[in-house]
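J.: Using only what follows, build the 3D model:
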Amino acid sequence: MSAPQPKTVQEKTFFGHPRGLMTLFTTELWERFSYYGMRAILLLYLTDQAHGLGLGESLGQAVVSIYGASVYLLSVLGGWFADRVFGARRTVLYGGVVIVSGHLALALPTNATAYLGIALVALGTGLLKPNVSTMVGTLYDEGDTRRDSAFPIFYMGINIGSFTAPFVVGFLRREFGFHVAFAAAAVGMTLALIAYLLGRRTLHGRGDTPPNPLTAEDRPTMVKISVAVLALLAVVFAVSAWLSGGIGPKPVVDAISYLCFLAPIAYFTMLLRSPLVTPPEKQRVRAYIPLFVAAMLFFMLFEQAATTLTTFAADRTDLNLFGAEISPEFFQSVNPFSIIVLAPVFALVWIRLGDRGPGIGQKFATGLLLAGISFAVMALASQVAGDNLASPLWLVAVYVIQTLGELFLSPVGLAATTVLAPRAFLSQMMALWFLAPAAGQAITAQLVQATEDASDTAYFGGLAVVTIVFALILYTLSPWIRRHTDLRQTS
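T.: Presented below is the predicted three-dimensional model:
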């Protein structure tokens, strides 16, 4: 009698993959539904004078930007808890519970719980976000050829959730108000938790234990580090409150912005000074710096889908598309739909080109250039519309262009980060990648306040010029980046 095959080979009940993939696919689909559903209406709620918090437009945009930055900043914490304390499975579970609590706080018909809800969703998403993807990889034994095809299936769940959420939540907001719409996000996350709990057996213990648990010897050091971090946070928030002249949303926005700027500087300094990083690895880290700056600038523009582009959609766009009435939230579905359509095309092109394709620097430069072009289109749309409402096709075009840029930069950035990471700092390097969108959105939080009186044409056009110029500089740096990131030449 032949020996039984491993479970990862026997279970072929979800597109030929382990059933655990279905559990994580469903969990991530509903979690993304809740996240993008909330994000689609958050700015509208913050700035609504009658039914929301009544913040000014620029401050509302800054709060949404810093909320997004906080999610990425807290992802570093989520990864640490999974690696050292709880394991990935429990960290995801706790994060989901915190997210539901946040959505429920936003669903309550009182403004007093709004900021608590925003903070809880940011914290919960930070705990959950980096760990679900990690668990997908653990479903497969080393050498299992199905691993490569698992992630496209998993990412399809992400895009299905983010595509449908703006439609559903936008309809509920329009028909029943903000708090019912936030409740729908809570329902989505609750469904994610139910799917996750019911599917626990399909994970076969993956993620149950932390890979590098804290030991008794580690704890005194961790206590000292925690006290130092808390002291730093207290100082940063105190300085921010002093500079702002009081306590309120603005000093919180500014304080988190400072943290998002300081964190990547600290990470790069640590990597370049560590004795655990070899000279060839330091060479690759230096070449990674312009890529990080490009990613930061890219996400500075890309993540304005929830801020300035939402404001433009709500206030300056004709919400009638081919005879059908649409909501401002509709446009945030264009990106995930475009990803679903275009991602397989890009994957096929990169496979066909192989080594003949553009290098990392050229791909990053192209992604950033497309982001800059999208804001140039926004400036043109604002100029052409003048005092009239702009055609919705302008925004559709902008989101499609940004999606093309995302496909050039984002998946390439993830791959480059894992390849170029120093051996002793694999996890920290991925945390550094998450800090690029955090820092980019922190810049936006400051920009929208500093340019409050600027016209849309000047604002979008100015950012377009800055990013296009840096993209051109990055093109010229691409040969240097290729030489210093070629593992065959630097090992």
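
J.: What is the burial count for Val421?
T.: Small correction: residue 421 is Ala, not Val. Residues within reach of Ala421, counting by other CB atoms under 10 Å, total 22. C-betas here are computed from N, CA, C, even on glycine.

J.: Can you tell me the closest non-neighbouring residue to it?
T.: Nearest residue to Ala421, sequence neighbours excluded (CB to CB, 6 or more residues apart in numbering): Met429, at 3.5 Å.

J.: helices or strands next to the helix or strand in which the one you found is found in the packing?
T.: Assigned by DSSP states H and E, Met429 belongs to helix 426-450. Packed against helix 426-450 by the contact rule (3 or more CB pairs under 8 Å, 6 or more residues apart in numbering; DSSP states H and E) you find helix 57-84, helix 249-273, helix 279-302, helix 392-420.

J.: tell me the domain ranges of this protein?
T.: 9-213, 215-275, 278-491 (automatic domain parsing).

J.: okay, those domains in JSON lines with mean pLDDT next?
T.: Shown next, in JSON lines, are the domains of the chain (pLDDT from 0 to 100):
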{"stretch": "domain 9-213", "mean pLDDT": "88"}
{"stretch": "domain 215-275", "mean pLDDT": "87"}
{"stretch": "domain 278-491", "mean pLDDT": "90"}
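
J.: which of those sits most buried?
T.: Burial of the domains of the chain is given as mean neighbour count (mean count of other CB atoms under 10 Å); domain 9-213 ranks first at a mean of 20.

J.: State the distance from Pro290 to Pro264.
T.: For Pro290, the distance to Pro264 (CB to CB, to the nearest Å) stands at 13 Å.

J.: again, but for Thr27
T.: Counting by CB to CB - Thr27 and Pro264 are separated by 30 Å.

J.: Nearest residue to Asp456 in space, ignoring adjacent ones along the chain?
T.: Counting by CB to CB, 6+ apart, the residue nearest Asp456 is Ser382, at 3.9 Å.

J.: Okay, that neighbour and Pro220: tell me how far apart.
T.: 57 Å.

J.: The strand or helix carrying Leu353 - contacts with which helices or strands?
T.: Taking DSSP H and E as the criterion, Leu353 maps to helix 334-353. With contacts taken as 3+ CB pairs under 8 Å, 6+ apart, helix 334-353 sits against helix 147-176, helix 392-420.

J.: okay, the ones you listed in JSON lines with distance to Lys250 next?
T.: Shown next, in JSON lines, are those (distance: least, CB to CB, whole Å):
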{"stretch": "helix 147-176", "distance to Lys250": "26"}
{"stretch": "helix 392-420", "distance to Lys250": "28"}
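
J.: Could you check these and tell me which one is nearest Val132?
T.: helix 147-176 (8.4 Å; CB to CB).

J.: tell me how far that closest one is from the chain's mean position?
T.: 14 Å (CA atoms, centre = their mean, to the nearest Å).

J.: next helix or strand past that helix?
T.: Using DSSP H and E, the helix or strand that directly follows helix 147-176 along the chain is helix 178-198.

J.: then that following helix to CSV, C-alphas only?
T.: Taking Å, rounded to 0.1, in the frame of the first residue of the first chain, the C-alpha atoms of helix 178-198 are listed here in CSV:
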residue,chain,number,x,y,z
PHE,A,178,-24.1,57.5,6.5
HIS,A,179,-24.6,55.4,9.6
VAL,A,180,-26.5,52.7,7.8
ALA,A,181,-23.7,52.7,5.2
PHE,A,182,-21.1,52.3,7.9
ALA,A,183,-23.2,49.4,9.4
ALA,A,184,-22.9,47.7,6.0
ALA,A,185,-19.1,47.8,6.4
ALA,A,186,-19.5,46.2,9.8
VAL,A,187,-21.6,43.5,8.3
GLY,A,188,-19.0,42.8,5.7
MET,A,189,-16.2,42.5,8.3
THR,A,190,-18.5,40.2,10.4
LEU,A,191,-19.0,38.0,7.4
ALA,A,192,-15.2,37.9,7.0
LEU,A,193,-14.8,36.8,10.6
ILE,A,194,-17.5,34.1,10.3
ALA,A,195,-15.8,32.7,7.2
TYR,A,196,-12.5,32.8,9.0
LEU,A,197,-13.7,31.0,12.1
LEU,A,198,-15.7,28.4,10.2
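
J.: Name the next helix or strand downstream of that helix, please.
T.: Toward the C-terminus from helix 178-198 - assigned by DSSP H and E - lies helix 218-244.

J.: residues in contact with Gln304?
T.: Ser65, Thr444 (CB atoms under 8 Å, 6 or more residues apart in numbering).

J.: Regarding it, what are the backbone dihedral angles?
T.: phi -80, psi 0 (degrees, to the nearest 10).

J.: and if you look at Asn320?
T.: phi -130, psi 110.

J.: And for Gly177?
T.: phi 100, psi 170.

J.: can you pull the contacts of it?
T.: Counting by CB under 8 Å, 6+ apart, Gly177 has contacts His51.

J.: And it, how far from Val168?
T.: In terms of CB to CB, Gly177 sits 14 Å off from Val168.

J.: and what of Gly245?
T.: For Gly245, the distance to Val168 - CB to CB - is 41 Å.

J.: Equivalent analysis for Gln61, please.
T.: 24 Å.

J.: Kindly report the same for Leu53.
T.: From Leu53 over to Val168 (counting by CB to CB), the distance is 23 Å.

J.: And the helices and strands packed on helix 334-353: which comes nearest Pro213?
T.: helix 392-420 (23.1 Å).

J.: Which strands and helices lie in contact with that closest one?
T.: So helix 392-420, by 3+ CB pairs under 8 Å, 6+ apart, packs with helix 279-302, helix 308-316, strand 320-321, helix 334-353, helix 360-385, helix 426-450, helix 456-485.
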